[in-house]
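*Asks:* Predicted structure and sequence below. I'll ask about it afterward.
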Amino acid sequence: MNIMEMFKMAEDLSTKKRKRNKKNTKKRNKKVSCNNEKHELISNSLFNFLFNNDQKTISNIKTEDTTDIDDSNVNVIEIFNSFVDDAEKKIKSNINKIKDSILDLLVSKDTTSDTYSERYKDNLNAIKLVKSLIKANKKATTNQQKILSKYVGWGGLSNAFSEDETKLKNILENDFESAKRSVNTAFFTNAIIVKYMWKVLLRLGFEKGRILEPSIGTGNMFRYSNPDMYYNSKIIGIEMDILTSQIASQLLQSATIINSRYEETSLKDESFDLIISNIPFGDIKIFDKEYPEFSNYYVHDYYFLKSIKKVRDKGIIAFVTSTGVMDKRNQEIRELISKDCDFLGAVRLPSGSFSDTKVVSDIIFLQKNINKTIEPEISEDEDEESNSKKTINRDWLQSVPIKKGTDGKLFYVNEYFVNNPEMVLGEFIITSSKFGETLTVNSPQKLTTDILNKTLKYFPTETYITPINDLYMYDEDDLKVNFDENIKDGEFILLDNKIYQKQKNNLIPSSYTGDRRTKLEMYIKIKDVVKELIKEQLNGCSDDTLNLLQGDLNSLYDIFIKNFGYINARNNKKLLNQCILYSCISALENYDLDTKTYKKADIFFKRTIGVEKEFIPKTIEDAICLSFTTYGKIDIDFISEKLGKSVDDIKKELIETEIIFVDPENNSNFIYKDEYLSGYVKDKLKTAKEFLSTNSLLKRNIDALEKVQPEYVTDVSFNFGSTWIPTDIKEKFIVDTLNLDKEKFKMLYTKAMGYTLEYYSYIPRGIDAVDWGTERRHSLTIVTAILNMGDLTVVDTEYKDGKDVRVKNIEETQLALNMAEKWKAAFIDFVNSDVNILKRITDIYNELFNNYVERKFSNIFTGINTNPNIKLREHQLSAISRMIISDKNTLLCHNVGTGKTFSMVAFAEEIRRIGENRRFKNDKGEWINKPLKHKSLFIIPNHLCESNQFAKEYLTLYPQANILATSPNDFKKANRRRLISKIALGDWTSVIIPYSVLGMIPLKPSTEISMLEKNLEELNATLAFYEKNEARISIKEMEKAKENFQAKIKELSNRRVDDGLLYWEDLGITNIIVDEAHNCATCSTLKRCRSKVV
């Protein structure tokens, strides 16, 4: 019996008792009321205890005075007391686990105290607390973390070691010397600087990865970071000071904190995506036995050199350091860095940006590039305030002299800051110190977020690409191997009370803590029950099993929404959407437009997956349906087997009943009646008559085809732009209308270029711009636009805000459109007034378009295993049949609300099932199974992806479906490679993507070149046609188009291939389904309007 059942039993017993005592005395009612309050207290206490971790609840339940409880209700209390006694040990254990849960203190505001004395006091409080926690072997609570977070180190409090040495020795004990040594290097980073650095990293494309902080201090670099970035990353920090590293471990409990010096820490080369730090600086030299060649460099230079070794190719280094790295005249260190890294940019901070120090510092961003052959691309970034473009010069190797002061003294500054003064947050001035005059940066205003943010636009965008999987972030010992095919790639699971996400065959440990971890754990439990529900339904489980699982699902879901809100809520989606099965789980909720809330889906209360039962055909019609359902076609051997008749008998019966017809061109092949008696039936009739002498069975074909021949149509629909109307008819109409000299007029048509009109003479203005044209769109321009479905918009150029702006001229555009309608009407009159032309057009129409009989797709598919609560309509079943059987493209031109989505979804699922049944006969007559794994790609409007509506409808019809639902956010550059890899490598029935990302999945350059070469072939053929007809203007346009194609082919040929990128051809897509296809752009000719009067 689970806890929810206990609550329900108590409630039921209490309710029954109230009903029995309804007619009792007032005193009795008062006692019952008291009893009910006791029951409610017990229920609430247990719930609080289990889900709010209130340990006092146990004693409250057991010691509560029960003298007023009447005898008939004692059983209830005894049951609960017994339950508590039995569960007490487990509950206490769970509470201890919760107390030991991992907490990371990520904050948005700097809580550092302002004065020297306050910071000194904060340090002492933090030291005392961390020592007591270590002694008790405990992790800090959230409140304790707030105390620890105020620790600021001793970099700005060095006087304390001389003023309060004895006191500090007593408190610090063995850590005194370590703390004292840190005064030269421990300066903690301002919160707004840290936040700014993460903003730059986001702009560069960094969203998650394996991150190293080689001088972590107490963890400021992460405590002010983006939470999503932090929790999706593997954090490793190094801190040489014992005490500081202990505090960092308490503040960032999910991170790995190493108490060591950077030079003494052994780390795998090229194993980090990002190395970020406010590194130590000064005239200190160190020795690293791993890299003894770095021993002659100062500490800040050393940090750069070692970090380049440890960051992976295309990884990023983001350091706060002294100005020496950028400004020193000896450029050796910059050349060493530049050898393996691209310089992405830097910001020079003003003096006083760090507490208790007037030092001037730089923030430098680098990207490792071991195959560097050219300088990083210079980008142009738009200044949103001025709408002007600023070209960033990223040269940084040279240190150049600048003159300062009244005597024009020379100081050396990096050329990057001279060329890009906007990256210096203040003014260069001279200050005097005991070391003489130095160059500093002074700012009249305090450093703020707004000042820093103004420099963001000068950094390049999306230079960092997230690797396809996270396996590289973990040591082999940290990874668990899992080959369970029931756990999908990208799915979250709970194992040994730890959360993992599967990637390939490895389980990646989750770093989420606190509420996020609790939320994710609850979600996983719901997901597991849903998977079990689907599995049991597919296996035809009993109603008792179904009800038991649905009870668990309802209980878990109710607890989830009570604590975290709806699964589809935006704040939940952001976390849970990282699970590959989120689309499935989010379909548990249906949005109610009336109440503006979510309601539980059918799976909570009903059986949503029908049981597939073996269908035994008794008639040949039944066997045909089963054959189509199984193989998508008529399989005579299969029908023979199912009906227990010989193949010859089945074949004879099918022919005599005209269910199948012999193929005139292949007598061993047979065609189903729906297919044969439709399509281009005139051509089929000619072919049958042609081969009649070779096979007498074709007489049936001829008789059947003659019955379905379409009648001659006299009422023909056409318009001026119809491409099937001969060019000479249109040419005569134009010549007669405009009174042109026929010998000087050319009208040409090619598939590639559409219609081209040229007239080598003069058209009177009254005709050209008044009767049949306008001042802004002359007659032949309008005609060409009509023929090529071109645009007649008239645009004016106006000068606004210092630049030319194109503005639509509404009046002139409307005049042009009205004139186009006049041309169209005149053409209809022209044709109808000439009997011969009308007869010719009618004959052509009947030959081209009245040769075709639309196929009627009867519902020949039975046993589709959809949600049994949903009954597909007849037209939907016919549409599914058509899509499966037809070997051509299909348009579902159904009205709104007629169920196109279900038709498309059912097609994808059934074509997959049929493909898995595919078989062929070998040379020996043996059946060989050759399954085809259909993978359908749904391209749908963005809003249906973002809301997950399409995926929910899909899973409503097929709850067991194996789909991958995406959104535009999934195709951000940081995620794109990984997602495309999932599409390609996953055994999905369907993949759902939004319109806006289709162009983000690239074709192979070789494919694009092949397509362009075909276009070029067509252009060459068209060019030859124009040259033959002496169309000089068109030839000029064609040559220009040809040059563009050749340039594009050359560009693609020289494009560097990204070995880690999968292309469209690699995805394994077999079917493409475009929802609301009218939103997609139509194909066009190379150029819409071509007309010229010479």
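*Replies:* Yep, it's here. Bear in mind the structure is a predicted one, so any value in this text is a computation, not a measurement.

*Asks:* Neighbours of residue 309, how many?
*Replies:* By other C-beta atoms under 10 Å, the residues close to residue 309 number 15. Where C-beta positions appear, they are placed from N, C-alpha and C, glycine not excepted.

*Asks:* Pull the number of nearby residues for the closest residue to it other than its chain neighbours.
*Replies:* Excluding its sequence neighbours, the residue lying closest to residue 309 (C-beta to C-beta, 6 or more residues apart in numbering) is residue 269, at 5.4 Å. Residues within reach of residue 269, counting by other C-beta under 10 Å, total 11.

*Asks:* Determine the three-state secondary structure at residue 269.
*Replies:* Three-state call for residue 269 (DSSP: H, G, I helix; E, B strand; the rest coil): coil.

*Asks:* That one touches residue 307, doesn't it?
*Replies:* No: in terms of C-beta atoms under 8 Å, residue 269 does not count as a neighbour of residue 307; the distance is 11.0 Å.

*Asks:* Quickly list what's touching both of the two.
*Replies:* Taking C-beta atoms under 8 Å, 6 or more residues apart in numbering as the contact criterion, no residue touches both residue 269 and residue 307.

*Asks:* residues of stretch 251-263 that come out buried?
*Replies:* For stretch 251-263, burial by neighbour count (16 or more other C-beta atoms under 10 Å) applies to 251-255, 257-259, 262-263.

*Asks:* How about stretch 403-415?
*Replies:* Buried, per 16+ other C-beta under 10 Å, within stretch 403-415: 404, 411, 413-415.

*Asks:* tell me the least confident of these?
*Replies:* Within the buried residues of stretch 403-415, residue 404 has the lowest pLDDT, namely 79.

*Asks:* hang on, that residue packs against residue 427?
*Replies:* No: counting by C-beta under 8 Å, residue 404 does not reach residue 427; the two are 10.1 Å apart.

*Asks:* before we move on, back to that, go through the buried residues of stretch 403-415 and say which is closest to residue 714.
*Replies:* Ranked by distance to residue 714 (C-beta to C-beta), those are led by residue 415 at 82.9 Å.

*Asks:* measure the closest one to residue 488 for me?
*Replies:* Distance, residue 415 to residue 488, using C-beta to C-beta, to the nearest Å: 53 Å.

*Asks:* Likewise for residue 1043?
*Replies:* Relative to residue 488, and taking C-beta to C-beta, residue 1043 is found at 50 Å.

*Asks:* For those two, indicate the residue with more neighbours.
*Replies:* residue 488 (20 against 10).

*Asks:* Look up how far residue 1043 lies from the closest residue to residue 855 other than its chain neighbours.
*Replies:* In this structure, residue 855 finds its nearest non-sequential neighbour in residue 678, 3.6 Å apart by C-beta to C-beta, 6+ apart. For residue 678, the distance to residue 1043 equals 46 Å [C-beta to C-beta].

*Asks:* again, but for residue 191
*Replies:* Taken as C-beta to C-beta, the span from residue 191 to residue 1043 is 56 Å.

*Asks:* Same check on residue 518?
*Replies:* Taken as C-beta to C-beta, the span from residue 518 to residue 1043 is 63 Å.

*Asks:* Centroid-nearest residue for the chain?
*Replies:* The centroid of the chain falls nearest to residue 970 when counting by C-alpha atoms, centre = their mean (1.1 Å).

*Asks:* Just to check, that residue is in contact with residue 980?
*Replies:* No: between residue 970 and residue 980 there is no contact under C-beta under 8 Å: 10.0 Å.

*Asks:* which residues does residue 676 contact?
*Replies:* Counting by C-beta under 8 Å, 6+ apart, residue 676 has contacts 661, 684, 701, 704.
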